[in-house]
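Asks: build me a structure from this.
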Amino acid sequence: MRKWLSSGLIILLFFIFLIYKNEVVTGAAEGLLLWYRFVLPSLLPFMILVNVMMHTDTISILAKVFGPLMKYVPGVSSKGSFAVLSGFLCGYPMGAKVSADLVAGNQISSTEGSYLLSFCNNTSPMFVMSVLLLKFVPEEELHLPFFLILFLTPLLCGQLFRIYYMHGTSGAFAVKAFPSRNPLSRREDGFPEMFDVCLMDSFHAIVKVGLYMMLFSILIRLSTALLPGRGLTKTLFLSSLEITTGLSLLAKLKIPAGFRYILLLSETSFGGFCAIFQTSSMIQESGLKILPYIAQKLITAVITSLLTYLYLCSFHPAAFS
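Replies: So this is what the prediction gives:
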């Protein structure tokens, strides 16, 4: 029964693509253009550099420097601190990719990998500053508070998630002994061979990101054409699919600025379902689970909304009028 249902849905989707071919072509072009103009140049160099670091002793050097600083907050191992740095500085889906690579390479335990995934796979600071704040928050006095809310909330939630992951342990994450499945595990080849592996792994990852952006851009176009009405419910659904388009849709809502900002920061914190699918593709070979990650992102988005509401009520109550 399930097989027939899946086949029927795929056939239905095929005919929808044929009937709404203009929306499909337009959506695909928009998604690929967004990937080509913004994501590819801003993310691919960091992917290559991070992969090179994981092949060499660079990650060990960074672990020695930042490991002691992150031993208690956010409470990760020395190698795990590299995933925190990558996730917070580079943005989606680097936090997930580095966490998964460290688990698959037997550098950290799967428990620590799950913990890292719960809080260090976030929207990049560059995206927050250049897109969210610059385009959709005209009040400059709100930029720094919103920036701090977005990047301190995952750390705060991480401490809550840590209680769950540390339950029944000795108080520190331990590396478990299981075979490495990571194609980026350290090799004894020369630098050209190693660098070629880094390039191909980064290329494979960035192409996945682009394809998911294309598919979700198509989905947004089709949903806009097929779903009736233009109400708040439809806007919230469409905005949850992909973060860049989602922020543009939320910014156009005719509601008080305070409520609009709460939705904008919540969307930025959640990242959208496109980012979830990108994350899922990055962790497939590591054994990490996507469902707990989704629940944790939802919790983080809710707490982000709450903190934004409390801040605006305390210092900018006029925003809700």
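
Asks: contacting residues around residue 235?
Replies: 249-250, 253 (C-beta atoms under 8 Å, 6 or more residues apart in numbering). In this view, the C-beta of every residue, glycine as well, is placed from N, C-alpha and C.

Asks: restricted to buried residues, select these in ChimeraX.
Replies: Command for ChimeraX that selects the buried part of the contacts of residue 235, burial taken from 16 or more other C-beta atoms under 10 Å:
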select :249,250
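
Asks: and the strands in the protein, which stretches?
Replies: Assigned strands in the chain: none (criterion: DSSP state E).

Asks: could the C-alpha coordinates of stretch 138-154 be exported in CSV?
Replies: Output in CSV follows, covering the C-alpha atoms of stretch 138-154 (Å, rounded to 0.1, in the frame of the first residue of the first chain):
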residue,chain,number,x,y,z
PRO,A,138,15.7,49.8,9.4
GLU,A,139,16.1,50.8,13.0
GLU,A,140,19.9,50.6,13.6
GLU,A,141,19.5,50.6,17.4
LEU,A,142,17.9,47.2,17.1
HIS,A,143,20.8,45.6,15.1
LEU,A,144,23.1,44.7,18.0
PRO,A,145,20.4,43.4,20.3
PHE,A,146,18.9,41.3,17.5
PHE,A,147,22.3,40.0,16.6
LEU,A,148,23.1,39.0,20.2
ILE,A,149,19.7,37.3,20.6
LEU,A,150,20.2,35.2,17.5
PHE,A,151,23.7,34.0,18.5
LEU,A,152,23.4,33.8,22.2
THR,A,153,20.1,31.9,22.1
PRO,A,154,21.6,28.7,20.5
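
Asks: so where's the stretch 1-150 of the chain shaky on pLDDT?
Replies: Low-confidence segments of the stretch 1-150 of the chain (pLDDT under 70): none present.

Asks: one more pass at 90, please.
Replies: For the stretch 1-150 of the chain, the stretches flagged by pLDDT under 90 are 1-10, 13, 38-39, 42, 46, 50-51, 53-75, 91, 105-107.

Asks: burial count for residue 310?
Replies: Residue 310: 11 surrounding residues under other C-beta atoms under 10 Å.

Asks: if we can go back for a sec, put together TSV for the contacts of residue 235, with pLDDT and distance to residue 83 on each row.
Replies: TSV is the format used below for the contacts of residue 235 (pLDDT from 0 to 100; distance: C-beta to C-beta, whole Å):
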residue	pLDDT	distance to residue 83
249	92	32
250	95	30
253	93	35
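
Asks: can you list the contacts of residue 235 in JSON lines and add distance to residue 192?
Replies: Below are these laid out as JSON lines (distance: C-beta to C-beta, whole Å):
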{"residue": "249", "distance to residue 192": "46"}
{"residue": "250", "distance to residue 192": "47"}
{"residue": "253", "distance to residue 192": "53"}
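
Asks: what's the neighbour count on residue 42?
Replies: Quick note: residue 42 (other C-beta under 10 Å) scores 15 neighbours.

Asks: grab the nearest non-local neighbour of it.
Replies: residue 126 (6.5 Å; C-beta to C-beta, 6 or more residues apart in numbering).

Asks: mind checking how far that neighbour is from residue 91?
Replies: To residue 91, residue 126 is 7 Å away according to C-beta to C-beta, to the nearest Å.

Asks: between these two, which has more neighbouring residues?
Replies: Higher neighbour count among residue 126 and residue 91: residue 91, with 23 against 14, using other C-beta under 10 Å.

Asks: surely that one meets residue 47?
Replies: No: with contact defined as C-beta atoms under 8 Å, residue 91 does not count as touching residue 47 (11.2 Å).

Asks: now do the phi/psi pair for residue 285.
Replies: phi -90, psi 0 (degrees, to the nearest 10).

Asks: tally of neighbours for it?
Replies: Neighbour tally, residue 285, other C-beta under 10 Å: 14.

Asks: got a pLDDT number for it?
Replies: Note on residue 285: pLDDT of 86.

Asks: what's the answer for residue 167, then?
Replies: On the pLDDT scale, residue 167 gets 68.
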